[in-house]
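Enquirer: Quick one: sequence plus predicted model below, questions after.
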Amino acid sequence: QVQLLESGGGLVQAGGSLRLSCARSGHTVSTYAMAWFRQAPGKERDFVAVVNWSGSSTSYADSVRGRFTISRDNAKNTVFLQMNSLKPEDTAVYYCAAGAYDSNWSQYRYWGQGTQVTVSS
């Protein structure tokens, strides 16, 4: 069993930055890919970014590529999402997930509770 706990969300002005963290506990073997998804009110859960188990491979949604950076520290069982140049359309609940290296949410077995990110214009 894997437990995921996100932190670092909040309110920021457009153009600002936030850094999300996701701490993993329970089954701490670091063979899972780790990803971030987000869900805005009334919309589907969308893929944001994924990093493979070693941190050597990453993939991003087109909407965030060049602005967001995903990374992981397996020694600390933590994955990060550095978000720069934030836009109002980035407003959503951000979820951390552990599973296969994929952009499809159905490939992820474990999910955190989410952290709210609000970007004001």
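Expert: Looks like it came in fine.
Enquirer: Now do G66, the pLDDT please.
Expert: With respect to pLDDT, G66 scores 98.
Enquirer: how much space between it and S85?
Expert: Distance from G66 to S85, counting by C-beta to C-beta, to the nearest Å: 8 Å. Using the backbone N, CA and C atoms, a C-beta is placed for each residue, glycine as well.
Enquirer: So these two - more neighbours on which side?
Expert: S85 (13 against 9; other C-beta atoms under 10 Å).
Enquirer: beta partners for the nearest residue to G9 once chain neighbours are set aside?
Expert: Once flanking residues are discounted, G9 sits nearest to T115: 3.4 Å by C-beta to C-beta, 6 or more residues apart in numbering. Beta-bridge partners for T115, by DSSP bridges, are Y94.
Enquirer: so who does T115 touch?
Expert: Taking C-beta atoms under 8 Å, 6 or more residues apart in numbering, we find T115 in contact with 6-9, 20, 93-94.
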